[in-house]
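Novice: please find the sequence and the predicted model below.
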Amino acid sequence: MIHDWMKRDSKGRFIRFRQIWSLETFDDAIFKKGIGRYVVYLPGHHRANGGGYVLRAIAAYEAYTGDIVTKEFEIHHKYENKGNDTRENLEKLTKSQHRKVHQPKDLVELICDYCHQKYIRSRFRVRDRLKMMEEGLPVKFFCSQKCYQDCGRSEDTKRKMSESGKRSHAGGKRKVMQKRKVI
Ligand SMILES: [Zn+2]
Ligand SMILES: [Zn+2]
């Protein structure tokens, strides 16, 4: 949602202000049904349209990385969901690279490291990880962004559990009793 507000200028006239988008106001966005993507208000942005709107994927990628997405480049949504502009879902590609990603000829079957299901990807899309694998580097494959996140979360929990196990339990749990007001 875009937040508008009214403010008086020096002559007492009402003028309309519109919130300028930033990562802090990530959800201040308009969903464009036709393209299935979010746009945000960022007048003066190098890729903004006449009305001052730009694709959130572009604005967010630039904000996350500091890397400018000039006209020769496009932002690809790695896990297919074009409405999801979180960091791990975005990848900067040239137009021709992007076309290859969406016209898969050379497919590869992978197994998700989290849910262990088989899934298919174009070899081009996972080229970096396949190369790492050939070089013997540790690399993980995920069928969906959900699996990627859940895997990160479960590893986090495992680490926390082993850490808390090492700690000695000085002092038991303290129950905080709250007095309830009787009306
Ligand atoms: Zn794409
Ligand atoms: Zn999975």
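Specialist: Structure received. Residues are numbered from 1 along each chain as shown. Ligands and ions are numbered 1, 2, ... in the order given.

Novice: interface residues of the chain facing ligand 2?
Specialist: Counting by C-beta under 5 Å from the ion, the positions of the chain adjacent to ligand 2 are 112, 114-115, 143, 147. Yep, even glycine has a C-beta here, placed from its N, CA and C like the rest.

Novice: so where do the helices sit in this structure?
Specialist: Applying DSSP state H to the chain gives helices spanning 56-65, 95-102, 127-134, 145-166.

Novice: buried sites along the first one?
Specialist: Okay, so that is helix 56-65. 56-63 (16 or more other C-beta atoms under 10 Å).

Novice: tabulate those (a markdown table), appending pLDDT.
Specialist: Shown next, in a markdown table, are the buried residues of helix 56-65 (pLDDT from 0 to 100):
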| residue | pLDDT |
| --- | --- |
| Arg56 | 97 |
| Ala57 | 97 |
| Ile58 | 98 |
| Ala59 | 98 |
| Ala60 | 98 |
| Tyr61 | 98 |
| Glu62 | 98 |
| Ala63 | 97 |
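
Novice: and among the helices of the chain, the most buried is which?
Specialist: Most buried of the helices of the chain, by mean neighbour count (mean count of other C-beta atoms under 10 Å): helix 56-65, with a mean of 21.

Novice: quick one: contacts of that helix?
Specialist: 21-23, 26, 29, 37-40, 42, 45, 47, 67-69, 75, 77, 82, 85-87, 90, 92 (C-beta atoms under 8 Å, 6 or more residues apart in numbering).
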